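Participant: Predicted coordinates and the sequence they were generated for:
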Amino acid sequence: MLARTLSPQSLLPLLLLALAATPLHADGVPLGPSPGEAQLRPAVVPDGKGGAFVTYKTATARVGTVHVNGAGVADGGPGFDPVPVPFTLESGEPLRFVLGSDSELVIASDRAAAAGPALTRLRPGGVAQPGFPVGLGASYQHPALVAGLGGRTLIVAKGSDATSHWTVRAAVVTADGQVESAVELSSQLQFFNVDRLDAATDGAGGLIAIMPYYDALNTGSKDLCAFRLAADGSRPWGELPRPIVMLPRDQTDPHVVPDGVGGVMAVWSDPRSAGRSTDIYALRLDQNMNRPPGWLFYGQAVCDASGEQTQPRLVRDGGTGVWVVWLDQRNGTDGDLRYSRMLWNGELGPGLTRAGAVLCEAPGAQSEAEIAPDGAGGFYAVWRDERSGDADLYVQHVLGSGLVAPGWPAHGRPLVEAPGVQDQPALAALPGGRVVIAWRDARDGIARIYSTAVDDPANADSDLPGVAGLALAAADPVRGALHATISLPAAAPAVLELMDVTGRLRARTRLAGPLREASVTLRPSEPLEPGLFFLRLRQGHSCASVRVSVLR
């Protein structure tokens, strides 16, 4: 086991330390008291300190945010109340938000009222930063945003005008809420409110956005265009969005990640071939909007199998390319999930074909897949799954080799099997092989947001090399020290850390294995106040943690 109970000798008069393995809550926990209205469309982003932010919408078009710890439980981070000035939301897309400087959360609504706010910046305590919310003076739809240099936020979105079409607007917002370089990009390209867009950083404080438009002149269908907004508000690729894919039938649902050298990789749904169903395609653009060597001008097929392939999602693999997951209906209308790897040079990953690899082919429908990098070349995936008759959630871990991780069953591990519908999952991977997942849950009638955390079995199994055990043996409140008993069978460096619920590091010591039931002392730089703390031991990709409650 990763933890042992305290001996009676360790219970001291002024300080009580209660120890238990960090809980991974079966079927999840709600993020706060029962709401008066339905909650939906959660999104999750790591806070960079061992926890995560969960942001969601409500049925009456409000936006709320809550902070969760590494166990997926709401803690003393930003509060559960909606942000001070609610957004008006009119689409079903997830919220757009990024983590700014000093763990500040920047949130953009899908659609803001004509004169209302479109951007809010929350400090770590959950309070809107002075100067925010920011009203951009126009209606925004499907915004995409990135965190730029110097605390700036760059946003590009579609906005309605007096005609039946939509224009593209872009702005740079400073850390203190000043709107710089706000422009409306008049264009002959026709944008519609039903089409999402996506953007990624250009590596120099700017963004590159890719979006569908209706090409009445050339194809009579929806094509793709690209736009680059630099950190200073200039447009290096021209003043207007420029077409990048012009082919028959509709190219839609683009998703974009940075390539790490100033360009981007995009994937989308594409029915370009006459007589064929929709397939998944990818394209890489460099910082000058060129196609790097190895890429066809209009992109490469990731999967062109029979049946419909839609709902693509992608994440970087940390090295040679990206992982792509999609909904695959070659075996029927219910749909399964498949994945592949597209390398930066335009080739598929080793051993993969354009048929893709099976992520889940269980009975019933699988859909709404979301993925996150595991930090070691692979990815985690979570999805809505109806194999049991109603909508539950399943999760899977694929290694950088492309194989399912040891300890994970084929076709996924059940995450939530509670009564009612569980859907709209979102996830973020934390250091040490832990994943925080949030979702919409209707088990109690009214839909509300639940969350939990999942440990990789490799990190929870004490028989595997890396971390054999972690136990708290004693405490000394006079000297403000904690004594931990640990075992490290592997001959590799390790780190023992003490953190509070906000993720702030309170003490750290470096170790080296192998060790067997060694006593290690941690001395916080300042006295521990009453509350909840976490003791974490890391070695390689293995991680073990225990919870410490300090009472006076």
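Facilitator: Happy to help now that I have it.

Participant: burial count for the residue nearest to Gly260 when sequence neighbours are not counted?
Facilitator: Excluding its sequence neighbours, the residue lying closest to Gly260 (Cβ to Cβ, 6 or more residues apart in numbering) is Gly203, at 6.9 Å. C-beta here means a position set from N, CA and C on the backbone, and glycine is covered the same way. Close neighbours of Gly203, defined as other Cβ atoms under 10 Å, add up to 15.

Participant: List the contacts of Gly203.
Facilitator: The contact partners of Gly203, taken as Cβ atoms under 8 Å, 6 or more residues apart in numbering, are 258, 260-262, 287.

Participant: Only the buried subset of those residues, as a PyMOL command please.
Facilitator: Buried residues within the contacts of Gly203, by 16 or more other Cβ atoms under 10 Å, are selected in PyMOL with:
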select buried, resi 258+262+287
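
Participant: Please report the distance of the residue nearest to Gly260 from Ile437.
Facilitator: 29 Å (Cβ to Cβ, to the nearest Å).

Participant: what does Ala507 give?
Facilitator: For Ala507, the distance to Ile437 - Cβ to Cβ - is 29 Å.

Participant: neighbour-wise, which of those two wins?
Facilitator: Ranked by neighbour count (other Cβ under 10 Å), Ala507 and Ile437 place Ile437 first, with 27 against 20.

Participant: Skipping its backbone neighbours, what lies nearest that one in space?
Facilitator: Using Cβ to Cβ, 6+ apart and skipping residues adjacent in sequence, the residue nearest Ile437 is Leu427, 4.5 Å away.

Participant: so who does that neighbour touch?
Facilitator: Contacts of Leu427 by Cβ under 8 Å, 6+ apart are 44, 370-372, 380, 382, 395, 435-438.

Participant: again, 7 Å this time
Facilitator: Contacts for Leu427 (Cβ atoms under 7 Å, 6 or more residues apart in numbering) come out as 44, 370, 372, 380, 382, 435-437.

Participant: Same question for Lys158.
Facilitator: By Cβ under 7 Å, 6+ apart, the contact set of Lys158 is 141-142, 166, 168, 191, 193, 197.

Participant: Work out for me the element it sits within.
Facilitator: Element membership for Lys158 (DSSP states H and E) is strand 153-160.

Participant: Trp237 now?
Facilitator: Residue-wise, Trp237 maps onto no helix or strand under DSSP H and E.

Participant: So for it, what pLDDT did the model give?
Facilitator: In this prediction, Trp237 carries a pLDDT score of 95.

Participant: same check, this time on Ile446
Facilitator: For Ile446, the model assigns a pLDDT of 89.

Participant: That one: what secondary structure?
Facilitator: Under the three-state scheme (DSSP: H, G, I helix; E, B strand; the rest coil), Ile446 adopts coil.

Participant: The one 3 residues further on now?
Facilitator: The three-state label given to Ile449 by three-state DSSP is strand.

Participant: oh, and call the first residue 584 from now on, that's how I've got it
Facilitator: Got it, first residue is 584 now, which makes that one Ile1032.

Participant: wouldn't it be in contact with Pro625 here?
Facilitator: Yes - shown here, Ile1032 and Pro625 form a contact pair, counting by Cβ atoms under 7 Å, at 5.1 Å.

Participant: Find residues that contact each of these two.
Facilitator: Contact criterion Cβ under 7 Å, 6+ apart; residues shared by Ile1032 and Pro625: 637, 639, 1021, 1023.

Participant: Of those residues, which is the nearest to His1066?
Facilitator: Checking the shared contacts of Ile1032 and Pro625 against His1066 by Cβ to Cβ gives Val637 as the nearest, at 35.0 Å.

Participant: What residues are bridge-paired with the closest one?
Facilitator: Val627, Val649 (DSSP bridges).

Participant: what's the spacing between the residue nearest to Trp1022 when sequence neighbours are not counted and Ala964?
Facilitator: Nearest residue to Trp1022 in three dimensions, chain neighbours excluded: Pro1008, at 4.4 Å (Cβ to Cβ, 6+ apart). Applying Cβ to Cβ, the value for Pro1008 to Ala964 is 9 Å.

Participant: and if you look at Trp906?
Facilitator: Noted for Trp906: a distance of 9 Å to Ala964, by Cβ to Cβ.

Participant: Now for the two: what residues contact both?
Facilitator: Ile954.

Participant: can you give me the helices in this structure?
Facilitator: 1040-1043 (DSSP state H).

Participant: quick one: buried residues of stretch 965-983?
Facilitator: Buried-residue list, stretch 965-983, by 16+ other Cβ under 10 Å: 965-970, 974-981, 983.

Participant: what separates that stretch from the chain centre, distance-wise?
Facilitator: Offset of stretch 965-983 from its chain centre (Cα atoms, centre = their mean, to the nearest Å): 17 Å.

Participant: wait, which of the buried residues of stretch 965-983 is closest to Gly901?
Facilitator: When the buried residues of stretch 965-983 are compared against Gly901 (criterion: Cβ to Cβ), the nearest one is Gly983, at 7.6 Å.

Participant: Could you double-check that the closest one sits in contact with Gly960?
Facilitator: Yes - if you go by Cβ under 7 Å, Gly983 and Gly960 touch, sitting 2.5 Å apart.

Participant: between those two, what contacts are shared?
Facilitator: What both Gly983 and Gly960 touch, as defined by Cβ under 7 Å, 6+ apart, is the set Asp900.

Participant: For the residue nearest to the spatial centre of the chain, give me its contacts.
Facilitator: By Cα atoms, centre = their mean, the mean C-alpha position of the chain lies nearest to Ala1011, the distance being 4.3 Å. Taking Cβ under 7 Å, 6+ apart, we find Ala1011 in contact with 627-629, 635, 955, 1019.

Participant: One more: Val627?
Facilitator: 635, 637, 1009-1011, 1019, 1021.

Participant: Kindly report the same for Ala809.
Facilitator: Taking Cβ under 7 Å, 6+ apart as the criterion, Ala809 is in contact with 791-793, 820, 824-825, 827, 868, 872.

Participant: List only buried entries from those.
Facilitator: Among the contacts of Ala809, those buried by neighbour count (16+ other Cβ under 10 Å) are 791-793, 820, 824, 827, 868, 872.

Participant: Could you find the lowest-pLDDT member of those?
Facilitator: Pro824 (90).

Participant: I'd guessed that one sits against Thr750; true?
Facilitator: No - between Pro824 and Thr750 there is no contact under Cβ under 7 Å: 10.0 Å.

Participant: correct me, but His650 touches Phe636?
Facilitator: Yes - contact between His650 and Phe636 holds when scored by Cβ under 7 Å: they sit 5.7 Å apart.

Participant: what number of residues lie near Pro713?
Facilitator: Neighbours around Pro713, by other Cβ under 10 Å: 9.

Participant: mind listing what it touches?
Facilitator: Contact analysis of Pro713 by Cβ under 7 Å, 6+ apart lists nothing.

Participant: pretty sure Leu1071 is touching Ala1077, no?
Facilitator: Yes - at 5.4 Å, Leu1071 counts as touching Ala1077 under the criterion of Cβ under 7 Å.

Participant: May I have the predicted confidence score for Gly742?
Facilitator: So Gly742 comes in at 71 (pLDDT).

Participant: what bridges to it?
Facilitator: Counting by DSSP bridges, the residues bridging with Gly742 are Thr750.

Participant: Between the shared contacts of Ile1032 and Pro625, which sits nearest Arg913?
Facilitator: For the shared contacts of Ile1032 and Pro625, the nearest to Arg913 is Arg1023 (28.2 Å; Cβ to Cβ).
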